[in-house]
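Student: sequence first, predicted coordinates after that:
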Amino acid sequence: MNADRRRDAAAGDIGRVEFAPEAAATPGAYPTVRMRRNRRDAWTRRLVAETALTTDDLIWPVFVMEGRDAETPVASMPGQVRVTVDRLAKHVEKAAELGIPAVALFPVTPAEAKDAEGTEALNPDNLICRAARELKRAFPEVGLVGDVALDPYTSHGHDGVIRDTRVGAYVHNDDSVSVLVRQAVNQAEAGIDVIAPSDMMDGRVGAIRRALDAEGFIDTRIMSYAAKYASAFYGPFREALGSAQALVGDKKTYQMDPANSDEAMREVALDLAEGADMVMVKPGMPYLDIVRRVRERFDVPTFAYQVSGEYAMITAAANNGWLDRERAMMESLLAFKRAGANGVLSYFAPEAARLLRGR
Ligand SMILES: NCC(=O)CCC(=O)O
Ligand SMILES: [Mg+2]
């Protein structure tokens, strides 16, 4: 083969070249290798896709509030609402019909029911317990995730109880764990299937596991918020729950520093050793590197929480006409799967499930 023909072959003029041993002998290089070949048609793109998002990957967080036959919009999360317990079944019906495996319940506790100790968390008739009983009755096949932390119930908005110590007022680890354990058992008794401690106290997973087992709840799962960061992206959630006004100070003495990644590996290792069945990274999109590391290191069911601020960002941009809502939503959810997550808690869950069903 002369130089001209080689040049033509390199330019892709295959009509004039029967065999180009030089090109074939250049492994892994252009023009033999053309990455665009597999992208050329929808059917090959489908064949070579490495990950997929399905409805089975979704958990939908839902806000419940006191009252009767009412629903109020969450201003900073357009499209999300708080619903009264009597409307909850209707609210969750579409998610159940779409086959979303589980919902996560969050209570809007009235200010008058809050106190410094988060006592309402232990009330067997609190919002979460009533919501759990109602949903178990209406949709026994839908998994119920119960958040365990005191922030929806405390007047100061912290996830645990505050004690005066020699270094000043502080969210006290072990006293908080004692309350969280009782909160977890209270939820399990009401029918919550998955206890999800989101408080970031040390040792709470083991303490909760022992308490659940002692009460006979041996199959109640624990999905620990193992690597939960002190993040600005929770802002809209606190508005939804009314805990934003309540919060005194910040949560940096128990939630993780966004600068840290190795520390997340230790947090996950500890929660697994204490008996967590599933672990979670939170927030989601800014922390996909953590999801990937957890997945690769531990090979355990790993979840991510696409938090309220992430929902708000995409929704606000879409409402301004700056982003295509559906495409940004689906791409963001798929990214969790690509990063290694088994599933995602997302306010987009029913919307995404509806789109997936249409495919
Ligand atoms: N423990 C649950 C949350 O804090 C949710 C945060 C969010 O969606 O911003
Ligand atoms: Mg921990």
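Tutor: On my side now, so go ahead. Ligands and ions are numbered 1, 2, ... in the order given.
Student: which residue ranges form the strands in the chain?
Tutor: Secondary structure of the chain (DSSP state E): strands at 58-65, 71-73, 81-84, 102-108, 143-148, 162-165, 168-171, 194-197, 221-228, 278-282, 302-306, 343-346.
Student: could you list the buried residues of the fifth one?
Tutor: Judged by neighbour count (16 or more other Cβ atoms under 10 Å), strand 143-148 contains these buried residues: 143, 144, 145, 146, 147, 148. (Each C-beta comes from the backbone N, C-alpha and C, glycine too.)
Student: so who does the fifth one touch?
Tutor: For residue 147, the residues meeting the contact criterion (Cβ atoms under 8 Å, 6 or more residues apart in numbering) are 104, 105, 106, 128, 196, 198.
Student: what's the neighbour count on the residue in the stretch 51-200 of the chain positioned nearest to ligand 1?
Tutor: Evaluated by Cβ to the nearest ligand atom, the stretch 51-200 of the chain has residue 198 as its residue closest to ligand 1, separated by 3.6 Å. The local packing of residue 198 (other Cβ atoms under 10 Å) involves 21 other residues.
Student: so where's the stretch 151-300 of the chain uncertain?
Tutor: Scanning the stretch 151-300 of the chain for pLDDT under 70 picks out nothing.
Student: OK, contacts around the residue lying closest to residue 269 once chain neighbours are set aside?
Tutor: Distance criterion Cβ to Cβ, 6 or more residues apart in numbering; nearest residue to residue 269, sequence neighbours excluded, is residue 298 at 7.4 Å. By Cβ under 8 Å, 6+ apart, the residues touching residue 298 are 268, 269, 272, 279.
Student: from those, which land in helices?
Tutor: Among these, DSSP state H puts 268, 269, 272 in helices.
Student: contacts only, for the residue sitting nearest the centre point of the chain.
Tutor: Closest to where the C-alpha atoms of the chain average out (Cα atoms, centre = their mean) is residue 305, at 1.9 Å. By Cβ under 8 Å, 6+ apart, the contact list for residue 305 reads 225, 280, 281, 282, 283, 284, 344, 345, 346.
Student: could I get these as TSV with neighbour count and distance to residue 183?
Tutor: Listed next are the contacts of residue 305 as TSV, based on neighbours: other Cβ atoms under 10 Å; distance: Cβ to Cβ, whole Å:
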residue	neighbour count	distance to residue 183
225	27	14
280	29	18
281	31	22
282	24	19
283	22	23
284	28	25
344	25	25
345	26	19
346	25	24
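Student: for the contacts of residue 298, which one is nearest residue 206?
Tutor: Residue 206 lies nearest to residue 272 out of those, by Cβ to Cβ, at 10.7 Å.
Student: list the contacts for that closest one?
Tutor: 226, 279, 298, 300.
Student: what do you get for residue 60?
Tutor: Counting by Cβ under 8 Å, 6+ apart, residue 60 touches 92, 95, 100, 102, 103, 104, 345, 346, 347, 349, 350.
Student: okay, and the beta partners of it?
Tutor: Beta-bridge pairing for residue 60 (DSSP bridges): residue 103.
Student: with the one 4 residues further on instead?
Tutor: The partner list for residue 64 in beta bridges (DSSP bridges) reads residue 83, residue 107.
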